[in-house]
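Asker: Need a 3D model of the sequence below.
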Amino acid sequence: MVEHLNSPNGVRLLLTPNRSMSWRGNVQIWLALLLLSALIATGMALAGAWVILPFAGLELAALAAGIYLTSRACQRQEVLTIGDSDIHLEKGRTRKLVEWTLPRPYVRVHLDAPAHPFAPPKLSLIHRDTEISLGSFLNVDDTERLVHLLESRGVVIERKTPDPEIGLWF
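Answerer: Next comes the predicted model:
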């Protein structure tokens, strides 16, 4: 998602992945599946197929790990501030982990168009030898919105089309 934040220093954008459910919702879904699996595994164990119990436990542990890792990945965020003289980018999850401040007149946004029509284009900020990925988790619509916002603020965008390939998606 691309959200505008209030900023006296220019345009400030919050970039986050789309989240269909909160952490609490994910835990509730996992608990419902735990209850269902426990009922089925208990019935099977009472019928004599007791070996189902460890496999049901492994399945639920794998599901919990998948939900946790996916939820953690969806907590990423980037804050892009476009001022009059510089572009400031901060990346992190619950707090800022890394940040860059680049001079605006010398920064370009490189847009690599995808080979597949449903994949989002890849954006990166380029200044001299520094190339920083921008919004790698955004979907197609959010990426197009971000590109439009950057263009409206006068940021130079270099577009690159993919080389034609012979294959499944030609």
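Asker: quick check, Ser37 in a helix?
Answerer: Yes - read with DSSP: H, G, I helix; E, B strand; the rest coil, Ser37 is one of the residues of a helix.
Asker: what about it, how many neighbours?
Answerer: 17 (other C-beta atoms under 10 Å). Bear in mind the C-beta positions are built from the backbone N, C-alpha and C, glycine included.
Asker: Hmm, Leu60 and it touching each other?
Answerer: Yes - the pair Ser37 / Leu60 is scored as a contact, 5.9 Å apart, by C-beta atoms under 8 Å.
Asker: how about the spatially most central residue of the chain, secondary structure?
Answerer: Relative to the mean C-alpha position of the chain, the nearest C-alpha, by C-alpha atoms, centre = their mean, is the one of Phe137, at 2.8 Å. Three-state call for Phe137 (three-state DSSP): coil.
Asker: tell me the pLDDT at the residue lying closest to it once chain neighbours are set aside?
Answerer: Leaving aside its sequence neighbours, Phe137 sits nearest to Pro17 (C-beta to C-beta, 6 or more residues apart in numbering; 4.1 Å). In this model, Pro17 is scored at 92, pLDDT.
Asker: Please apply the same query to Glu158.
Answerer: At Glu158, the model reports a pLDDT of 89.
Asker: Likewise for Leu168?
Answerer: Leu168 carries a pLDDT value of 60.
Asker: Going by the annotation, which residue ranges form each domain of the chain?
Answerer: 2-18+75-160, 23-73 (automatic domain parsing).
Asker: which stretch in the ones you listed has the least confidence?
Answerer: In terms of average pLDDT, domain 2-18+75-160 trails the rest of those, at a mean of 89.
Asker: what secondary structure does Glu144 sit in?
Answerer: helix.
Asker: Near it, how many residues? Count them for me, please.
Answerer: Residues contacting Glu144 under the criterion other C-beta under 10 Å number 14.
Asker: List the residues that contact it.
Answerer: Contacts for Glu144 were tallied using C-beta atoms under 8 Å, 6 or more residues apart in numbering; there are none.
Asker: So for Phe118, what's the nearest residue that isn't a sequence neighbour?
Answerer: Spatial nearest neighbour of Phe118, chain neighbours left out: Val140 (7.0 Å); criterion: C-beta to C-beta, 6+ apart.
Asker: What count of nearby residues applies to the one you found?
Answerer: The burial count for Val140: 13, using other C-beta under 10 Å.
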